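*Asks:* I'll drop the sequence and a predicted model, then ask my questions.
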Amino acid sequence: MSFVLGPNQYGKAENRVVRIYRDTARHEIRDLNVSTALRGDFRAAHETGDQANVLPTDTQKNTAFAFAKEHGVTSPEDYALTLGDRFLAVTPAATASRIEVEEYAWDRIDVGGAGHDHAFVKRGGEVRTTVVTRQRTGDGTRAWVVSGVKDLVVLKSTGSEFKGFLKDDYTTLQETDDRILATSLVARWRYEDDAVADGTDWNKSFDDIRQVMLETFATTYSRALQESLYAMGSAVLAAHPEVAEIKFSAPNKHHFLVDLSPFGLDNPGEVFIAADRPYGLIEATVQREDGSDPGDAWLTVPGFC
Ligand SMILES: O=c1[nH]c(=O)c2[nH]c(=O)[nH]c2[nH]1
């Protein structure tokens, strides 16, 4: 039996490149998922293990991040064309480079009718939720309404720090005065018992609460995601007497600053790698001090402490 090498390509898939433009107070964000691949004469790498023609996938990854700084991201097309050109230039064995870019769209969070300078909400994907429990009582029924939103992805490109935390022998995290803060928010709020009898406009209430959460996230300087959540919950309870309590489950979607110094580039908060996992998971309830009895409202509602 004999075999020959058929079609092949290799590269680094799904580099999560986030480029922030922060030359002025009004930041811009380009959020990309970049996959690179090279095709050509890479027979030796497969047949004899000789890597002399192989531009490592690690180098391809580094280039994807470095080019986001050096050449910027004016469009996914221009960025991909520039990257593809570079790989061909430095890899003589390559006959083709293939660059696939997905771009995630962000909208500015609306604050008082204007888009915020550095707070964004990811377009699409969010889901409105409600869990209603109607329970038989002696003379009728009682209803609990727990409504919410999940997968509401928000990001601040500045106005967030994390420092002064407890340190031990295993702490390596550096303190920071300025970081990206991002989360995919799950929030559920329980309405007061009389919200049903009072004829609550559920649609209006949902829209307003969502807006209060977004606006508070945007305008509150954050010393931790915990503080942002508490501020958001407090703002909802202050503005909405029909809400008894609100619970949050918020993954801290880490964005790590990429070290571009090996390539002679500085990186003052402009190019980040959006990490997938692990993630910090911050969960908190904000409730009224004299709050009503939640009864069975939260029974089997998953994902909250
Ligand atoms: O907002 C944060 N809260 C934390 O508890 C935490 N822990 C951590 O490593 N980073 C962060 N960020």
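*Replies:* The structure has been received and is ready for your questions.
*Asks:* and the nearest residue to residue 193 once chain neighbours are set aside, how many neighbours does it have?
*Replies:* Computed as C-beta to C-beta, 6 or more residues apart in numbering, the closest residue to residue 193 that is not its neighbour in sequence is residue 292, at 5.9 Å. All C-beta atoms are positioned from the backbone trio N, CA, C, and that covers glycine. Residue 292 is flanked by 16 other residues according to other C-beta atoms under 10 Å.
*Asks:* ok, residue 292 touching residue 191?
*Replies:* No - in this structure, residue 292 is not within contact of residue 191 by C-beta atoms under 8 Å, at 9.8 Å.
*Asks:* Give me the common contacts of the two.
*Replies:* Here residue 292 and residue 191 share the contacting residues residue 244, scored by C-beta atoms under 8 Å, 6 or more residues apart in numbering.
*Asks:* now the nearest residue to residue 196 once chain neighbours are set aside, what's its secondary structure?
*Replies:* Closest residue in space to residue 196, ignoring its immediate chain neighbours: residue 143 at 4.9 Å, by C-beta to C-beta, 6+ apart. Three-state call for residue 143 (DSSP: H, G, I helix; E, B strand; the rest coil): strand.
*Asks:* State the distance from residue 143 to residue 194.
*Replies:* Applying C-beta to C-beta, to the nearest Å, the value for residue 143 to residue 194 is 10 Å.
*Asks:* what's residue 28 in contact with, if anything?
*Replies:* Residues near residue 28 by C-beta under 8 Å, 6+ apart: 20, 21.
*Asks:* The ligand contacts on the chain?
*Replies:* 162, 173, 224, 225, 226, 252, 280 (C-beta under 6 Å from any ligand atom).
*Asks:* Assign the fifth one to helix, strand or coil.
*Replies:* Okay, so that is residue 226. helix.
*Asks:* can you pull the pLDDT of the residue nearest to residue 193?
*Replies:* Residue 292 carries a pLDDT value of 90.
*Asks:* which stretches of the stretch 51-200 of the chain form strands?
*Replies:* 94-104, 106-111, 114-122, 127-137, 140-156, 181-191 (DSSP state E, counting those that start in this stretch).
*Asks:* Counting by contacts, list what the longest one packs against.
*Replies:* For strand 140-156, the elements it packs on are strand 114-122, strand 127-137, strand 181-191, helix 202-219, judged by 3 or more C-beta pairs under 8 Å, 6 or more residues apart in numbering; DSSP states H and E.
*Asks:* Looking at the stretch 51-200 of the chain, which residue is nearest the ligand?
*Replies:* In the stretch 51-200 of the chain, the residue that lies nearest the ligand is residue 162 (4.6 Å; C-beta to the nearest ligand atom).
*Asks:* List the contacts of that residue.
*Replies:* Neighbours of residue 162 in contact, by C-beta under 8 Å, 6+ apart: 173, 175, 176, 179, 223, 224.
*Asks:* wait, residue 149 sits on residue 184?
*Replies:* No - taking C-beta under 8 Å as the definition, residue 149 is not a contact partner of residue 184, at 10.7 Å.
*Asks:* burial measure for residue 254, as a count.
*Replies:* Counted with other C-beta under 10 Å, residue 254 comes out at 18.
*Asks:* Could you export the residues of the chain next to the ligand to JSON lines, including columns for pLDDT and distance to residue 46?
*Replies:* What follows is the residues of the chain next to the ligand, written out as JSON lines (pLDDT from 0 to 100; distance: C-beta to C-beta, whole Å):
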{"residue": "162", "pLDDT": "98", "distance to residue 46": "46"}
{"residue": "173", "pLDDT": "97", "distance to residue 46": "41"}
{"residue": "224", "pLDDT": "98", "distance to residue 46": "49"}
{"residue": "225", "pLDDT": "98", "distance to residue 46": "46"}
{"residue": "226", "pLDDT": "98", "distance to residue 46": "51"}
{"residue": "252", "pLDDT": "98", "distance to residue 46": "41"}
{"residue": "280", "pLDDT": "98", "distance to residue 46": "41"}
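*Asks:* what's the farthest-apart pair in these?
*Replies:* For the residues of the chain next to the ligand, the maximum inter-member distance is 15.3 Å, found between 173 and 226 (C-beta to C-beta).
*Asks:* The two: which is more packed in?
*Replies:* Each of residue 173 and residue 226 has its neighbours counted (other C-beta under 10 Å); residue 226 has more, 16 against 10.
*Asks:* my guess is residue 122 meets residue 105, correct?
*Replies:* Yes - the pair residue 122 / residue 105 is scored as a contact, 7.4 Å apart, by C-beta under 8 Å.
*Asks:* I appreciate the help and will end here.
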